[in-house]
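# heads up, no residue letters with this:
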């Protein structure tokens, strides 16, 4: 994963509540095990609507989505996070998230920020004309005229700042694991005896 420190740019002012994972990526796209290329299929049904934010040139390649409550509800498809990463999304701001979706987003390098509905509404209005900055080190979101603080679990913050996924976290402990395995072989040699 790429380290996440600060994301700046326009934000898609989606604003809709109850965006489910089928809206994010339809089931017909779940046959692939590749993470590449799913961005073109992300929000397919929304993109088919006239005047939608994803086809608005003002928000082209925006790295942020501002949504309504209960974002990512529905089935637990990790493809939803893959599709958003592939389309360049690094941050989703909403009043609430599905727990499973928020976990999948985190494991794929997407920051989910929970703010109050009033704060989200202010950001939706600002996003129509202004860029937004999300700073993970200071846990702040800023527009040219406002700023907000958000909370994140320290473990998740540290992983995102370092760009660590589960494999990288494990590899960070490789010396400790090697010492443990060497000691275990000394303590229980019969387990490690080769059978001929």
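Okay, I see it. For clarity, every value in this text was computed on a predicted model and none was experimentally measured.

# Name the single longest helix found in this structure.
helix 174-187 (DSSP state H).

# Tell me which other helices or strands it touches.
Where contact means 3 or more C-beta pairs under 8 Å, 6 or more residues apart in numbering; DSSP states H and E, helix 174-187 is packed against helix 189-192. Every C-beta, even on glycine, is put in place using the N, C-alpha and C of the backbone.

# Okay, the residue nearest the centre of the chain and residue 157: tell me how far apart.
With distances taken as C-alpha atoms, centre = their mean, the residue of the chain nearest its centroid is residue 110 (1.8 Å). In this view, residue 110 and residue 157 are 13 Å apart by C-beta to C-beta, to the nearest Å.

# before we move on, what about residue 74?
Per C-beta to C-beta, residue 74 is found 27 Å from residue 157.

# cool, residue 116 as well?
According to C-beta to C-beta, residue 116 stands 20 Å off from residue 157.

# Repeat that for residue 115.
Separation of residue 115 from residue 157 (C-beta to C-beta): 16 Å.

# quick one: stretch 20-39 to chain centroid distance?
Chain-centre distance of stretch 20-39: 15 Å, with C-alpha atoms, centre = their mean, to the nearest Å.

# I meant to write stretch 165-179 there.
Its chain's average C-alpha position is 23 Å from that of stretch 165-179, according to C-alpha atoms, centre = their mean.

# First residue to last residue on it, what's the distance there?
Terminal residues of stretch 165-179 are spaced 23 Å apart (C-alpha to C-alpha, to the nearest Å).

# Tell me which residues are up against that stretch.
Contacts to stretch 165-179, defined as C-beta atoms under 8 Å, 6 or more residues apart in numbering, come from residues 1, 107, 109, 159, 162, 164.

# contacting residues around the nearest residue to the third one once chain neighbours are set aside?
Sequence neighbours aside, residue 1 is the residue nearest to residue 109 in space, at 4.0 Å (criterion: C-beta to C-beta, 6 or more residues apart in numbering). Contacts of residue 1 were listed using C-beta under 8 Å, 6+ apart, and they are 108, 109, 160, 163, 164, 165, 168.

# Share the number of residues neighbouring the fourth one, please.
Neighbours of residue 163 under the rule other C-beta atoms under 10 Å: 13.
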